[in-house]
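# Quick check, what structure comes out for this input:
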Amino acid sequence: MWKDWVRPFVRPLPQWSVVAVAPPQQTVVASLRWGKATADVTTDHTVASLRPLTIATSLDAGPHPVLEYRDRVSGRLLGELRLVRATTVSTEGSTLALYHVAAGGHRCLAWPLRPWNAWLQNRLMQQNTSSSHSLMAPAATQQLMIAYLCPRPVVLVSVDATDHHNIFPMDLIGPLGRSGLFTLALRSTNVSMPIMREQRRVALSCMPAAMKDAVYALSVHHKQPLADWAALPFPVRRSRAFGIPAVAAALRIRELDIVHSEEVGSHTLFVGRIVSEEAQTQDTQLHHTAGFHQAWRRRRGLPFAEARSA
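Numbers count the residues shown, from 1 in each chain. Presented below is the predicted three-dimensional model:
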């Protein structure tokens, strides 16, 4: 018992929790607040870049809005990000606003555990330069975790050209509801980035939580293309409109027509429209959320189910 009490004071919480959530997530509400105005952006904001940490939305919320995350049931404020408008992107008759994250904080842990846990996590990040978020300063990674208070779904992105085939996981994705657009923020060093800009079409497979291990194993294809679709450890099927191989066991397959792309800091932001959407089965989807969010929910007896491989 005493070990459970003392552990948070000597060991940081995990930065990320891998959870199984029925899509679309309904547990957290995201709102933009500026002046005396407030707007629900739960389905209208995404991460557009990690360095600098950038949020995209199709809502013009002025130069200095605050992005708030609240528990839907209790209404309790879980965390917030203070934003500064950086630029706009105009495409398909819509204008998207890009905001840099200037500051942020969360309330999932009580003081003094909150700053102490952040210090422990920051120290660990500085020691582990092989982390997927090592391009970010520790403070920015803390802010990114706040953006993950809204659990982020994981998909496999399929790219198929005559001499280039690939499939890799992404979670920097999502709809910008007011515009009807959908975005993907892909690190510009990804081997398939030039092909995506040229082909302008991809298939997205929404992945069951039980396929966690198979999904993560494909992370290697951010750096090297897929040799052969037949080499995958699961069956694929052709998508409805584009004929791109997608995961046969996916919960849902979306085809995205890319209408715009541009570099935003460390990432290339792809903006598209959903051409087709095939709902194949109902189950929990692989999601990521902040570790301190899962800890907050666990203390209240309402944790997300942990994603476990079949």
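
# neighbours around the nearest residue to residue 23 once chain neighbours are set aside, how many?
Ranked by C-beta to C-beta, 6 or more residues apart in numbering and with sequence neighbours excluded, the top spatial neighbour of residue 23 is residue 285, at 4.7 Å. (Each C-beta comes from the backbone N, C-alpha and C, glycine too.) Using other C-beta atoms under 10 Å, residue 285 is surrounded by 25 other residues.

# now swap in residue 39 and tell me
When neighbours are defined as other C-beta under 10 Å, residue 39 has 15 of them.

# Now do the helix or strand encompassing it, average pLDDT.
Assigning secondary structure by DSSP states H and E places residue 39 in strand 37-40. The average pLDDT for strand 37-40 rounds to 98.

# now swap in stretch 166-184 and tell me
Per-residue pLDDT values over stretch 166-184 give a mean of 98.

# Flag every buried residue along it.
Of the residues in stretch 166-184, those buried under the neighbour-count criterion (16 or more other C-beta atoms under 10 Å) are 166-177, 179, 181-184.

# which residues does residue 44 contact?
Residue 44 makes contact with 57, 58, 59, 175, 176, 177, 178 under the criterion C-beta atoms under 8 Å, 6 or more residues apart in numbering.

# residues near the residue lying closest to the last one once chain neighbours are set aside, how many?
Distances taken as C-beta to C-beta, 6+ apart place residue 58 nearest to residue 178, at 4.4 Å, with adjacent residues excluded. Here the count is done by other C-beta under 10 Å, and residue 58 has 20 residues near it.

# same question, the one 10 residues further on
Summarising burial for residue 68: neighbours were counted as other C-beta under 10 Å, giving 18.

# Run through who's touching the helix or strand containing it.
Applying DSSP H and E as the criterion places residue 68 in strand 66-71. Outside of strand 66-71, the residues that reach it under the criterion C-beta under 8 Å, 6+ apart are 27-34, 41, 45, 55, 76-83, 146-147, 149-150.

# Generate a PyMOL selection restricted to the buried entries among those residues.
Buried residues within the contacts of strand 66-71, as defined by 16+ other C-beta under 10 Å, are selected in PyMOL through the command that follows:
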select buried, resi 27+28+29+30+31+32+34+41+45+55+78+79+80+81+82+83+146+147+149+150
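
# Narrow the contacts of strand 66-71 to those in strands?
Using DSSP state E, the members of the contacts of strand 66-71 that fall within strands are 28-34, 55, 77-83.

# Pick the one among those residues closest to residue 92.
Taking C-beta to C-beta as the measure, residue 92 sits nearest to residue 55 out of the ones in strands among the contacts of strand 66-71, at 19.8 Å.

# distance of the closest one from residue 105?
Taking C-beta to C-beta, to the nearest Å as the measure, residue 55 and residue 105 are separated by 16 Å.

# quick one on the thing from earlier: check which helices and strands the strand holding residue 39 is in contact with.
With contacts defined as 3 or more C-beta pairs under 8 Å, 6 or more residues apart in numbering; DSSP states H and E, the packing partners of strand 37-40 are strand 28-34.

# partners of the strand it packs on, with directions?
Listed by DSSP bridges, the sheet partners of strand 28-34 and their directions read strand 37-40 (antiparallel), strand 66-71 (antiparallel).

# just to revisit the earlier point, among the buried residues of stretch 166-184, which are in strands?
Among the buried residues of stretch 166-184, the members falling in strands (DSSP E) are 166-170, 173-176, 181-184.

# between those, which is nearest residue 249?
Closest to residue 249, out of all of these and judged by C-beta to C-beta, is residue 167, at 13.3 Å.

# Grab the nearest non-local neighbour of the closest one.
In space, not counting the residues next to it along the chain, residue 167 is nearest to residue 158; the distance is 4.9 Å by C-beta to C-beta, 6+ apart.

# Name the residues of the longest helix seen in the chain that are buried.
If you go by DSSP state H, the chain has its longest helix at helix 113-127. Within helix 113-127, the residues that qualify as buried by neighbour count (16+ other C-beta under 10 Å) are 117, 118, 120, 121, 122, 125.

# How far off centre is the strand holding residue 39?
22 Å (C-alpha atoms, centre = their mean, to the nearest Å).

# Stretch 82-97 too?
So, by C-alpha atoms, centre = their mean, the centroid of stretch 82-97 is 19 Å from its chain's centroid.

# likewise stretch 116-131?
Here stretch 116-131 is found 21 Å from its chain centre; the criterion is C-alpha atoms, centre = their mean.

# Now do it, average pLDDT.
Per-region confidence: stretch 116-131 scores 84 on mean pLDDT.

# can you check stretch 187-195 too?
Rounded to a whole number, the mean pLDDT of stretch 187-195 is 98.
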